[in-house]
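Participant: Fold the following.
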Amino acid sequence: MAGAVPLGIRTHSQRVCNLYKRALRNLEAFYDRRNVYRYQAVLLRERFDKHAKETDLRKAVQLLKEGEEELFLQQHPLPKKFAYSPGGVAFEREVEPPDWVLDYWHPLEKAEYPEYFKKREQRKKEFIAMWEKQYGKHEDKGHH
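Facilitator: Down below sits the predicted model:
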């Protein structure tokens, strides 16, 4: 889920590396035979290396923009996705329920695991105490 959240400003070199990796993945989608893919990957790397020492930042930014646009226009219609990555066939196949679900267990269900729930209640109290120490007690503003 956190994959869509931007985690800060990416540098120019990070954007170039990301473009290179996405371009390689795009080649993988087009070429099933490994030797043909590797040949295309070497040609792609040559294109990137040709401009690796570019010192004029305006030209480098323009090259990056053109590369992004070229990749967009040449993207595979059905790109390969890793099975457990977002968009993959097994993504979130097994959803782990959040911890709060245990609060809604019936008392008879909880009675089957007495030690676990005793320790869990103790840890919840410790967490609340730590929270209140760090952030203060919750004040109800009287919303009606």
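Participant: From here on, just use CA atoms for contacts and neighbour counts.
Facilitator: Noted.
Participant: ok, residue 92 touching residue 84?
Facilitator: Yes. Using CA atoms under 8 Å, residue 92 is in contact with residue 84, at 7.3 Å.
Participant: how's the chain carved up into domains?
Facilitator: Domain ranges of the chain: 7-73, 99-135, per automatic domain parsing.
Participant: Let me know which of those is the nearest to residue 80.
Facilitator: Set against residue 80 and scored by CA to CA, those come closest in domain 7-73, at 5.6 Å.
Participant: just to revisit the earlier point, output the domains of the chain as TSV; include the columns mean pLDDT and mean neighbour count.
Facilitator: Output for these, formatted as TSV (pLDDT from 0 to 100; neighbours: other CA atoms under 10 Å):
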stretch	mean pLDDT	mean neighbour count
domain 7-73	94	14
domain 99-135	94	11
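Participant: Minimum distance to residue 88: which of these has it?
Facilitator: Residue 88 lies closest to domain 7-73 among these, at 14.1 Å (CA to CA).
Participant: Leaving out chain neighbours, which residue sits closest to residue 84?
Facilitator: residue 91 (4.4 Å; CA to CA, 6 or more residues apart in numbering).
Participant: what ranges do the helices span in the protein?
Facilitator: 12-30, 34-50, 57-73, 107-111, 114-135 (DSSP state H).
Participant: can I get those helices in CSV with distance to residue 80?
Facilitator: Listed next are the helices of the chain as CSV, based on distance: least, CA to CA, whole Å:
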stretch, distance to residue 80
helix 12-30, 6
helix 34-50, 14
helix 57-73, 15
helix 107-111, 44
helix 114-135, 43
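Participant: Ok, which of those comes nearest residue 98?
Facilitator: Closest of these to residue 98 is helix 114-135, at 13.9 Å (criterion: CA to CA).
Participant: What lies in contact with stretch 111-130?
Facilitator: residue 110 (CA atoms under 8 Å, 6 or more residues apart in numbering).
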